[in-house]
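> Pasting the sequence and the predicted model now:
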Amino acid sequence: MNNNLENPDCFKQVSLVEAINMALDYAMSQDESVVMLGEDIGKNGGVFRATDGLQEKFGQARVMDTPLAETSIAGAAVGMSVAGLKPIAEIQFMGFIYATLEHLICHAARMRNRTRGRLSCPMVIRAPFGGGIHAPEHHSESTEALFAHIPGLRVVIPSSPARAYGLLLAAIENPDPVIFLEPKRLYRSEVHDVNDNGQALPLDSCFTLREGEELTLISWGACIKECLAVVDQMNAESGNDKRIELIDLASIKPIDFATIAHSIKKTGRCVIVHEAAKTCGVGAEIAAYIAEHLMAYCKSPVKRITGFDTVMPYFRNEQHYLISELDIKAAIDESLSSDF
Amino acid sequence: MRYFKLPDLGEGLIEAEIVEWHVKAGDQVSTDQVMLAVETAKAIVEIPSPQMGIIEHTFGDIGDTVHIGEPLVEYQGENDSVSVVGNLSAEPLGQVSANNNGSNTEANNKSQAEAKTDRFSIGIKSSTMIAIQASPSVRGLAGRLGVDVEQITGTGDGGRITSDDVEKAARMNQNLGDSEKLTGVRKAMAQVMIKSHQQIVPVTLFADVPLTKVASEMTIAVAKAIAFACIKEPALNVWFDGENMSRRILDFVDLGIAVDTEQGLFVPVLRQVQDRDEDDLKAGLEALKHAVITRNIPPAELTGATIILSNYGSLNPYCRYGTPIVVPPMVAIVGIGALYAGEDSGKVLPISLTFDHRCVTGGEASRFIGYIADYLNNIKTE
Amino acid sequence: MMPHNNPLQYLSAEGEPLTERGGRHELPDFVNDQSLLLQAYRWMNLTRAFDQKAVALQRTGIIGTYPSSLGQEAISVACGMALAQDDVFVPYYRDHGSLLVRGNLMEHLLLYWGGDERGSAYVAKAGSALDMPICVPIATQASHAVGIASALKIQQKRQAVLCTLGDGASSKGDFLEALNLAGSWHLPVVFVINNNQWAISVPRHIQSGAPTLAQKASAAAIPSMQVDGNDFIAMYEALTEGLHRARQRKGPMLIEAISYRLSDHTTADDASRYRGQEEVDKAWKNEPIKRLQNFIFQRGYWDKKAEGCLQDDCQTQLEKSVQAYKSIEAEQPEAMFDYMYQTWPAALDDQVVTCGEKYKRNYLAAQQHSSGFNKGA
Ligand SMILES: Cc1ncc(C[n+]2csc(CCOP(=O)(O)OP(=O)(O)O)c2C)c(N)n1
Ligand SMILES: [Mg+2]
């Protein structure tokens, strides 16, 4: 029940990409200082249609098609945010975000710190990422760990329409730079009821998608889809709807270790699933935390199911790289049946 | 190929709506001849024929939504080889769910037709599991010594199990034999009792009730007496939600009856005790007991009690008093001991009533016992 | 030298020779070379047929996203033909014509767009072993072209580098920095901007306030010119000149080839969302193949019969290539590890094993599950 008179309940059936559009629309209508910039976000509504209709609604001054130059997009966003706007920049694909790194690392992430709070960069960089849509070269990688490694950045990845809506609003409201990565394989895969009431979700928190007592499965982004299928099936088959606990990390940086710790203490087993390459992936950080703080609660070693340390194969062979439901199930079975 | 299936026409699209058919069954088509136009989430797209052939059948009408991987046309006299090079219409590999055999389109249909619900909660969910701490090397040692760490009480920091604890447990197993792990009903009892102990604030009242006449079936008589008392003093016939501080006063009496068996304690439920006569109740109770002893009791018959009766007096003539344990969400349990001869050699029934003081007052409980006594002694009260 | 605001052009849209246009009076001598013009015409037609086929293959799920070069065949084919075999070509993704002229097989181009790395594995028959693979991250290839040109110069080789890019790409720092470096180091490199007026949905005027893209070279002191990119003769001449200068160590050059993207940006795009049909219809009147066709008809180099043969021939070649493409089996899953490093790191041992297990697990499951077609009519 929502008793907020200013923001009455307004449920809409939307896909993840539509939920993003809805959140952008809401933020733009509520706050004049929110502006958007990026390639093809205007008339075209973005190559995935995330910004569909917004230029028409809010005008070219607030929804800006930029020249083709990611470095400028990020650098201009730094300047805009310092000067009192709240820019939301779209990078068309994560594969083209690397030109923004200098501005993000050397400026956005540290403006508050280097001016001792005098200036800051409240900005959002949105980019679709991940494989499984048989897109061309450079359109399928998952390199969230690059950003998670940078002190001063927040990295957020939603995995459902409702979380996309609430987390994007939170990212826009947040006074610091947020890298908002959108799992494009989920853009249209499901339609959910989402309340368009402007309610943000907390940024530094995991989400528990399924409660369970025997094993903690941690994932984020598009892999949540397969994780959910596996968990629901395993819980149903075992007749125990509290068998596997599924946690959507959602906030990749900073990580909500309290929720993870609480879960591991309960279950004593952990499997981490991510599409990104294994070495130095975000899964490694979680596994390290468990090793540092929770080892004594673990009944079996932490397992990681991840992409390989290879260039992501082009789409003809990408299914050999992507993580399947069976891969996840095999890892869970192994963890459940192996004790130290 | 026999069936031409809708490929992903954009990047990550899942369906398309048919806008126009340019061909129909019986038509001869050549390679690359446009067969139909569809509208995806991104564009209107014309789809050509991938091969030469005669169309046997077209699938879907204008306005229909077709999912990726579903057939658009069938060609006459072709084998069904799906020779898609880029694998663009194939379903994802390695799915666990059995209903995804061959074509997952049905699942897709559903997911599109009705919006799925999305369950999640933010951050930590509370739980009552008790975590056991033991380092991997200690767990390894326990494994080698055949000791179950879950059955050891740790003596290390914060209850952590040490290798000493494991070795001690191993010695104990060697000397005394392995401990037995609780299973089934006994394990369930343990869990229920722990939960009760964690939540309930119990108070037990003891009463010695002189009886003017002794019923032949004491359990049934007391059952009726409890039902009577519940109507007179409903505060004890309640389900209480301690988390939300709310209670539900019930206008029916479903009485749980504690039944002792070799496997452990069962509490089958006699329904609607307030409306049934003693013979009916007696027959009902016999049936329940039989089902329990022969292990044929359906789980539904073991749940939903509003208050419990435990006649431990029937097990042993020396047992008079107890402190029975209230099982949430109930708030009361009545125990009766063995009848004994009172001062004037009349019979006395010892009653022990435990109630949850979070929800029930001492006065309500005392009156409740009074009503039981009244009923048993046939005293009419208004 | 300021660039022409008046693009170099020899033929009118109808294929009539122009005089006094673009500062040149006479048709260049090579128009008398019948075989050269017919070659160009054939390549342009094959390129168009290939584009059309590739789009159809995408629509039927046989390849992935594909960027058609419809309307820009003159630029692409002229690039391919002006290059000498040991010049180095640094292409972007809309250069199918040049790649074909360089001797790349159509089945290999299809491999690339069908999501198979081997599409970039072959040395083109008429190309250089150093020809770079198709570049997708926009404009990054401009820097590589400069690097290659610099290596050639240091190695004292008399070869040129040709780098192509789009009008959108001209907005990127990489391109402007590459121009700067090429000018500063006086490198043997020619840049060709395929100005097809659109960068996906972003029109040319949003990319830059400059009236021409060619003038971006001025600040780097690089000579540049606008050329009618739909006029093969103008394109070929400008390119020949630029590459010749480069081989002669006379430094870099920039050509802005004015054309129009008649197709969607790629098969994943829907251009009707952001541009009107009128504009497209008008652009069709300028398209390059008809123009060259009219010219070679006028000159008597070509006739109806030859035209019919050419179209048949294109189709035959295409069919053969598509068959060849379809018959190429996918690589083994473990092939993703094969070219990661020259020397094998032990750290990858486990992952290769995992990859094999994963394949068995998922592949076997797929075989169990695929009971064939199980949705009734
Ligand atoms: C660095 C980078 N940013 C964005 C993209 C996505 N993208 C692919 S093509 C394109 C437009 C390119 O336009 P233009 O340079 O004019 O070349 P055209 O495609 O028109 O030939 C964009 C934005 C990309 N490939 N690389
Ligand atoms: Mg362009």
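Happy to help now that I have it. Residues are numbered from 1 along each chain as shown, chains lettered A, B, ... in the order given. Ligands and ions are numbered 1, 2, ... in the order given.

> tell me the contacts of the closest residue to chain A within chain B?
Nearest residue of chain B to chain A (CB to the nearest CB) works out as residue B:94 at 2.8 Å. All C-beta spots, glycine's among them, are computed from the backbone N, C-alpha and C. Residue B:94 makes contact with A:324, A:325, A:326, A:327, C:361, C:362, C:365, C:366, according to CB atoms under 8 Å, 6 or more residues apart in numbering or on different chains.

> could you redo the last one with a cut-off of 10 Å?
Residues near residue B:94 by CB atoms under 10 Å, 6 or more residues apart in numbering or on different chains: A:226, A:319, A:322-330, C:358-359, C:361-366, C:369.

> Which among those count as buried?
A:226, A:319, A:322-330, C:358-359, C:361-362, C:365-366, C:369 (16 or more other CB atoms under 10 Å in any protein chain shown).

> any low-confidence regions in the stretch 101-250 of chain C?
Along the stretch 101-250 of chain C, segments meeting pLDDT under 70 are nowhere present.

> can you give me the strands for it?
Taking DSSP state E, counting those that start in this stretch as the criterion, the stretch 101-250 of chain C contains strands spanning C:161-166, C:189-195, C:198-199, C:202-203, C:224-228.

> Name the helix or strand of chain B that has the lowest mean pLDDT.
helix B:105-113 (a mean of 41; mean pLDDT, DSSP states H and E).

> next helix or strand past that one?
strand B:121-122 (DSSP states H and E).

> In strands, which of the contacts of residue B:94 fall?
Among the contacts of residue B:94, no member falls in strands (DSSP state E).

> Which ones among those also lie next to chain B?
Among the contacts of residue B:94, proximity to chain B is found for A:226, A:319, A:322-330, C:358-359, C:361-366, C:369 (CB under 10 Å from any CB of the partner chain).

> follow-up on the earlier one: need the pLDDT of the residue of chain B closest to chain A.
Per-residue pLDDT puts residue B:94 at 81.

> so what's it closest to, chain neighbours aside?
With sequence-adjacent residues excluded and distances taken as CB to CB, 6 or more residues apart in numbering or on different chains, residue B:94 is closest to residue A:324, at 2.8 Å.

> Surely that neighbour touches residue C:365?
Yes - the criterion here is CB atoms under 10 Å, and residue A:324 meets it with residue C:365 at 8.2 Å.

> Show me whatever sits in contact with both of the two.
Common neighbours of residue A:324 and residue C:365 (CB under 10 Å, 6+ apart) are B:93, B:94, B:95, B:96.

> Break the chain down into its domains, please.
Picked chain A for this. Domain assignment for chain A by automatic domain parsing gives A:12-195, A:207-337.

> that answer is for a different chain, and I need it for chain B
If you go by automatic domain parsing, chain B breaks into B:3-122, B:136-176, B:191-267+B:305-376.

> buried set for whichever helix or strand residue A:236 is part of?
For residue A:236, the element it lies in under DSSP H and E is helix A:223-238. Within helix A:223-238, the residues scored as buried using 16+ other CB under 10 Å are A:223-235.

> how far away is residue A:45 from ligand 1?
14 Å (CB to the nearest ligand atom, to the nearest Å).

> just so I have it, where are all the helices in chain B?
Per DSSP state H, chain B carries helices over the ranges B:105-113, B:136-145, B:163-176, B:184-199, B:218-232, B:278-293, B:362-376.

> Out of those, flag the one nearest residue C:160.
Counting by CB to CB, residue C:160 lies closest to helix B:105-113 out of those; the figure is 53.3 Å.

> from the helices of chain B, which stretch is densest packed?
helix B:218-232 (a mean of 22; mean count of other CB atoms under 10 Å in any protein chain shown).

> Run the chain-centre distance for that helix.
30 Å (CA atoms, centre = their mean, to the nearest Å).

> In PDB, could you pull the C-alpha coordinates for it?
In PDB, the C-alpha atoms belonging to helix B:218-232 read as follows (Å, rounded to 0.1, in the frame of the first residue of the first chain):
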ATOM      1  CA  MET B 218     -11.600 -38.300  30.700                       C
ATOM      2  CA  THR B 219      -9.900 -37.000  27.600                       C
ATOM      3  CA  ILE B 220     -13.200 -36.500  25.800                       C
ATOM      4  CA  ALA B 221     -14.800 -34.900  28.800                       C
ATOM      5  CA  VAL B 222     -12.000 -32.500  29.300                       C
ATOM      6  CA  ALA B 223     -12.100 -31.700  25.500                       C
ATOM      7  CA  LYS B 224     -15.700 -30.700  25.800                       C
ATOM      8  CA  ALA B 225     -14.900 -28.700  29.000                       C
ATOM      9  CA  ILE B 226     -12.100 -26.900  27.200                       C
ATOM     10  CA  ALA B 227     -14.500 -26.000  24.400                       C
ATOM     11  CA  PHE B 228     -17.000 -24.700  26.900                       C
ATOM     12  CA  ALA B 229     -14.300 -22.700  28.600                       C
ATOM     13  CA  CYS B 230     -13.100 -21.300  25.300                       C
ATOM     14  CA  ILE B 231     -16.600 -19.900  24.600                       C
ATOM     15  CA  LYS B 232     -16.800 -18.500  28.100                       C
END
